[in-house]
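[1] Got a sequence here, can you build the structure:
(chains A and B)
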Amino acid sequence: AQKVTQAQTEISVVEKEDVTLDCVYETRDTTYYLFWYKQPPSGELVFLIRRNSFDEQNEISGRYSWNFQKSTSSFNFTITASQVVDSAVYFCALSELRNSGNTPLVFGKGTRLSVIA
Amino acid sequence: AAGVIQSPRHLIKEKRETATLKCYPIPRHDTVYWYQQGPGQDPQFLISFYEKMQSDKGSIPDRFSAQQFSDYHSELNMSSLELGDSALYFCASGPGQETQYFGPGTRLLVL
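    Here you go, the predicted structure:
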């Protein structure tokens, strides 16, 4: 069975601090996708990044970076120089690859990030 | 770029009433997913359709049903509404084996 664990329920940081959100996953499949979504107070779910299980290359995009490590089943997300607009709930999610489209997303419980000015 | 469209955005119903939520996926996306997110919870998968056929079923109550039409839009029908059905309902669409893009959600309040 698939499972996604986000151990951090809530994090508060002061603006301009760096913050890392942790995500640990479980799956029996060898081919899967990992995602991060952002849910601001307005409620929409905004896609941030997708990683394939066979692509462990880490990525930096502006102030965002991701660290995918299959050996520890982790897919952590770092925001550098956080801003108040980064305040949101961040969800890590997993789906497995198959011929007829991906399996539905399994989400972690989410981490609520508050960035204080 | 076109996004997933959901209607209505807000809905207020009484207990035991019915509700229909609509979803218009991104053009050329062949898969539609429905999720339910209770207050303070993570989204929970309800049901999905691939090329207009039901592909997966999650924790969808028997009181709910859904279908995908020939134009690829989907509807989630909810009957005998209960207070516990109050939630944010998301539709997502995806081009097969890729990212699921979410609509803005329908916020349902059952009184």
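[2] okay, the lowest-mean-pLDDT helix or strand in chain B in PDB with CA atoms only?
    Of all regular secondary-structure elements in chain B, judged by mean pLDDT, DSSP states H and E, the least confident is strand B:53-57 with a mean of 91. What follows is strand B:53-57, C-alpha atoms only, in PDB (Å, rounded to 0.1, in the frame of the first residue of the first chain):
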ATOM      1  CA  MET B  53     -14.700   4.900 -18.400                       C
ATOM      2  CA  GLN B  54     -14.500   4.600 -14.600                       C
ATOM      3  CA  SER B  55     -10.900   3.700 -13.800                       C
ATOM      4  CA  ASP B  56     -10.600   3.800 -10.000                       C
ATOM      5  CA  LYS B  57     -12.900   4.100  -7.100                       C
END
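[3] Quick one: name the residues of chain B near chain A.
    Chain B comes close to chain A at residues B:30-31, B:33, B:35, B:41-45, B:48, B:50-51, B:55-56, B:58, B:88, B:90, B:92, B:94, B:96-102, B:104-105, B:107, as judged by C-beta under 8 Å from any C-beta of the partner chain. Any C-beta I mention is one placed from the backbone N, CA and C, and that applies to glycine too.
[4] any idea of the mean pLDDT in the next helix-or-strand element following the least confident helix or strand of chain B?
    Counting by DSSP states H and E, the next helix or strand C-terminal to strand B:53-57 is strand B:64-68. Per-residue pLDDT over strand B:64-68 has a mean of 96.
[5] distance between strand B:64-68 and the chain's centre?
    9 Å (C-alpha atoms, centre = their mean, to the nearest Å).
[6] where does chain A dip in pLDDT?
    By pLDDT under 70, the weakly predicted segments of chain A are A:100-101.
[7] Going along the chain, name the strands of it.
    A:3-5, A:10-14, A:19-21, A:24-26, A:32-39, A:46-52, A:59-61, A:64-69, A:74-79, A:88-96, A:106-107, A:111-116 (DSSP state E).
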